[in-house]
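Undergrad: Have a look at this fold, sequence not included:
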């Protein structure tokens, strides 16, 4: 279930990619595991459940309101029973710009927002519908946007836009030249706002394009995905796929 009207209403396009809901209304005792892989986007999550939720493999107990950073290695959330997870998928630079959190410290990790946003968390728990919760989180982000000097991050915005529009198929030298920046400056910008080197970020975007095609089964032969997404050969693609998922493409087909 997606909630695009909230993005339009609050003009959050510069910071929010999409809003989606994952839920399980069945009460049970067997833990469920949700798998997550690299996609280039961090996020803001409100998690409503009566049972503890753990981030694996770290075994970290998650709070009801948290940020998650770049996913580099495959990870899982372990939940038991009914839950509702409302997620605002953020633009890659939004964690730094909106919340002032060092994105490098969030790689494969989560940041508890509940101590600094107790009022927001209270309203979320008191709300009776998902639409109300979407509105509460959208207003939180909208308020954050009013407190920042967004023009300072214009260069990284443009860089991210180029990488995404090319599906990650661009060299760092070409990206720097297109932005009229030195490669060293580009490296600094990515580390400051994304928490990853530009080369690693482009590889994640490239992988995600290929992963979506495999998930949607919009291909006849694996070689189509390999060459459409700019990989040198099939073995190179499979190595990269294993790095981000821990499995082979055939495991996800």
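TA: Received, thanks. Fair warning: this is a prediction, and the values are worked out from it, not measured in the lab.

Undergrad: Is the nearest residue to residue 80 once chain neighbours are set aside in a helix, a strand, or coil?
TA: Spatially, and ignoring its direct neighbours in sequence, residue 80 is nearest to residue 51 (4.3 Å; C-beta to C-beta, 6 or more residues apart in numbering). From N, CA and C alone the C-beta is placed, and that goes for glycine too. Secondary structure state of residue 51, per DSSP: H, G, I helix; E, B strand; the rest coil, is coil.

Undergrad: Tell me the pLDDT of residue 51.
TA: Looking at residue 51, its pLDDT is 90.

Undergrad: what number of residues lie near it?
TA: When neighbours are counted by other C-beta atoms under 10 Å, residue 51 registers 15.

Undergrad: give the contact list for it.
TA: Shown in contact with residue 51 (C-beta atoms under 8 Å, 6 or more residues apart in numbering): 79, 80, 81, 83.

Undergrad: My understanding was that the last one contacts residue 53; is that so?
TA: Yes - counting by C-beta atoms under 8 Å, a contact exists between residue 83 and residue 53, whose distance comes to 7.2 Å.

Undergrad: Could you name every residue contacting both of the two?
TA: Common contacts of residue 83 and residue 53, defined by C-beta under 8 Å, 6+ apart, comprise residue 47.

Undergrad: for the residue nearest to residue 80, phi and psi?
TA: Residue 51 adopts backbone torsions of phi -110, psi 150, taken as degrees, to the nearest 10.

Undergrad: change the start of the numbering to 42 and stick with it
TA: OK, 42 is where the count begins now, so the last one is residue 92.

Undergrad: Kindly provide the distance from it to residue 109.
TA: 19 Å (C-beta to C-beta, to the nearest Å).

Undergrad: follow-up on the earlier one: in PyMOL, select just the buried ones from the contacts of residue 92.
TA: Buried subset of these, written as a PyMOL selection, criterion 16 or more other C-beta atoms under 10 Å:
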select buried, resi 120+121+122+124
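
Undergrad: Which of the contacts of residue 92 sits closest to residue 169?
TA: Of all these, residue 124 has the smallest distance to residue 169: 17.0 Å, by C-beta to C-beta.

Undergrad: and the closest residue to the closest one other than its chain neighbours, what does it touch?
TA: Once flanking residues are discounted, residue 124 sits nearest to residue 90: 3.8 Å by C-beta to C-beta, 6+ apart. Residue 90 is in contact with 120, 122, 123, 124, 125, counting by C-beta under 8 Å, 6+ apart.

Undergrad: what's the answer for residue 201, then?
TA: If you count contacts by C-beta under 8 Å, 6+ apart, residue 201 has them with 132, 133, 134, 235.

Undergrad: The protein: helices as residue ranges?
TA: Assigned helices in the chain, in chain order: 45-51, 135-140, 159-167, 171-186, 195-206, 213-220, 224-234, 239-257, 263-269, 275-286, 290-293 (criterion: DSSP state H).

Undergrad: Enumerate the positions of the fourth one that are buried.
TA: Applying a neighbour-count criterion of 16+ other C-beta under 10 Å, the buried positions in helix 171-186 are 171, 174, 175, 176, 177, 178, 179, 181, 182, 183, 185, 186.
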